[in-house]
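Colleague: okay, sequence plus prediction incoming.
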Amino acid sequence: MSTTNEPQTAAIVPSYAIRLEFNAGAEGWELPILPGKLSIRRSGAGKSYSIIGAGNISTIEKPELAEIDFESFFPVNPWPFNKQAISKTPAEYVADINRWMKSGYPLRFIYGGSGEAGRRGAIRLPMTITSFERWEEAGSPGDVYYSLKLKEYVYYAPIKIRVAGTGGKMVAEPAKRVDLRVPPKTYKVVKGDTLIRISMKLYDGDSSRWREIQKLNGLSDADLKRMQIGQLLKVPPPKE
């Protein structure tokens, strides 16, 4: 038995989280309850051929797109075993997913642990939502249970071809990086407008979103008193 007085260091258990981000990270949150099972699938895409004199052969091609699915729930109240932050109500989580699904833009799925090693080994994939189902269960009033299925999204853009020199050689121009930020909608200021009135006009009487409009346009409190008729303001999308 050791008689030394050396300090004992407890093992550090990494904390894992799943995060969904949208609009180049402008929106997003961690799942408040981690799923009991996370399925990640990526199938091969090789093909088989029969060659006279050689028999059957197979080719190696690029693998299929990754698919991820899991089930969990959005709690209406904090759970004792849960260490994740609950930043929204179940209805708000559901509204975000529905809005992202209808937007026509991908989200980013991030799964990783704490610390430098956890961040290096994180899974970070652009994904589209292929299925989102939700339900309630007896004994858990207010909690929203759900299943989410995602499919990998591949960035693509048209390739421009130009003629180089006098020899008529066709050269493909380097593809520009795809901008996946959702273009903001705009509103033109009219006489008598304030940000609170604009918020009420655009969001069914909800005046609370004026701060979002202010932040989106980079307006100071002093700027709010100098808004001009005809001024174009960026406005966030409605919450569904």
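Modeller: Here it is on my side, so go on.
Colleague: what lies in contact with stretch 233-240?
Modeller: 92, 95, 98-99, 102-103, 182, 184-189, 198, 202-204, 209, 212-213, 216-217 (Cβ atoms under 8 Å, 6 or more residues apart in numbering). (C-beta placed from N, C-alpha, C; glycine too.)
Colleague: and those residues, which are buried?
Modeller: Applying 16 or more other Cβ atoms under 10 Å to those, the neighbour count classes 182, 189, 198, 202, 203, 209, 213, 217 as buried.
Colleague: and the two most separated of those?
Modeller: Maximum pairwise distance in the buried ones among the contacts of stretch 233-240, criterion Cβ to Cβ, is 22.2 Å, between 182 and 189.
Colleague: next structured bit after the longest strand anywhere in the chain?
Modeller: The single longest strand within the chain, with elements called by DSSP state E, is strand 123-135. Proceeding C-terminally, strand 123-135 gives way to strand 144-152 as the next helix or strand, assigned by DSSP states H and E.
Colleague: just the angle between the longest strand of the chain and strand 144-152, please?
Modeller: Per axes from the mean of the first three to the mean of the last three Cα atoms, to 10 degrees, the angle that strand 123-135 makes with strand 144-152 is 140 degrees.
Colleague: ok, strand 123-135: who's next to it in the sheet?
Modeller: strand 107-113 (antiparallel), strand 144-152 (antiparallel) (DSSP bridges).
Colleague: got the contact list for the helix ranked longest in the chain?
Modeller: Of all the elements of type helix in the chain, the one with the most residues (DSSP state H) is helix 90-102. Residues lying outside helix 90-102 but in contact with it, judged by Cβ under 8 Å, 6+ apart, are 20, 22, 27, 29, 32, 74-76, 88, 107, 129, 132, 134, 142-144, 146, 148, 237, 239-240.
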